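# here's my sequence, what's the structure:
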Amino acid sequence: MIYISFINNDRIPTLQNKLQLKKFIEKLFKYEKTALKSLSYIFCSDDYLLQVNKSFLKHNYYTDVITFNFNEPKNPVEGEVYISVDRIKENAKDLNTSFKKELHRVIFHAALHLCGYNDKKNREVILMRKKEDEYLEKYFKK
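Got it, this is the predicted structure:
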């Protein structure tokens, strides 16, 4: 049984069709040939995520998303994803896109990290963006 949850910490995003989104995230993992056991998305403020960033990663800057993978190698993914709703709103405005699209981009971005994709090197960033766009198109095409 796969368990995916959406948890509102100190922010509540407008997230419609949660059941449909959960099913799509499960499909994303299947497309990427990655076993999934459990995944929690925690929606929070910039300040909350900054504290997570400082405490766990020793980074002193704002970010839109932090992804933690708790599973042992070769076991199904067990992860937690912290998403700053404040940062998503700001990024959507800066990128001239909708909050809804940017929120889903980040949700899929985190899932792709858990499937093994990185975004440190330029070529990794390009591939990550391509995969995000691919899943956004599949999800919103319905």
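# quick one: distance of the helix or strand harbouring Glu78 to the chain centre.
Following DSSP states H and E, one finds Glu78 within strand 77-84. Taking Cα atoms, centre = their mean, to the nearest Å, one finds strand 77-84 lying 7 Å from the centre of the chain it belongs to.
# stretch 44-54 now?
Distance, centroid of stretch 44-54 to centroid of chain: 15 Å (Cα atoms, centre = their mean).
# list the buried residues in that stretch.
Across stretch 44-54, burial judged by 16 or more other Cβ atoms under 10 Å covers 44, 46, 48-50, 52-53. Every C-beta, even on glycine, is put in place using the N, C-alpha and C of the backbone.
# average pLDDT for it?
In this model, stretch 44-54 has a mean pLDDT of 95.
# do the same with stretch 9-23
Mean predicted lDDT for stretch 9-23 stands at 89.
# touching it from outside, list them.
For stretch 9-23, the external contacting residues (Cβ atoms under 8 Å, 6 or more residues apart in numbering) are 4, 6, 42-45, 48, 83-86, 88, 99-100, 103-104, 107, 139.
# and it, what's buried?
In stretch 9-23, the ones that count as buried by 16+ other Cβ under 10 Å are 11, 13, 15, 21-22.
# reformat those residues as TSV; add distance to Lys74 and secondary structure.
As requested, these are exported to TSV (distance: Cβ to Cβ, whole Å; DSSP: H, G, I helix; E, B strand; the rest coil):
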residue	distance to Lys74	secondary structure
Arg11	35	coil
Pro13	33	coil
Leu15	32	coil
Leu21	27	helix
Lys22	24	helix
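# farthest-separated two in those?
Arg11 and Lys22 (19.4 Å; Cβ to Cβ).
# among the contacts of stretch 9-23, which lie within strands?
Residues of those located in strands (DSSP state E): 4, 6, 42-44, 83-84.
# same for the longest helix anywhere in the chain, what does it pack against?
Among the segments of the chain that qualify as a helix by DSSP state H, the longest is helix 122-141. Applying 3 or more Cβ pairs under 8 Å, 6 or more residues apart in numbering; DSSP states H and E, one finds that helix 122-141 contacts helix 18-31, helix 99-114.
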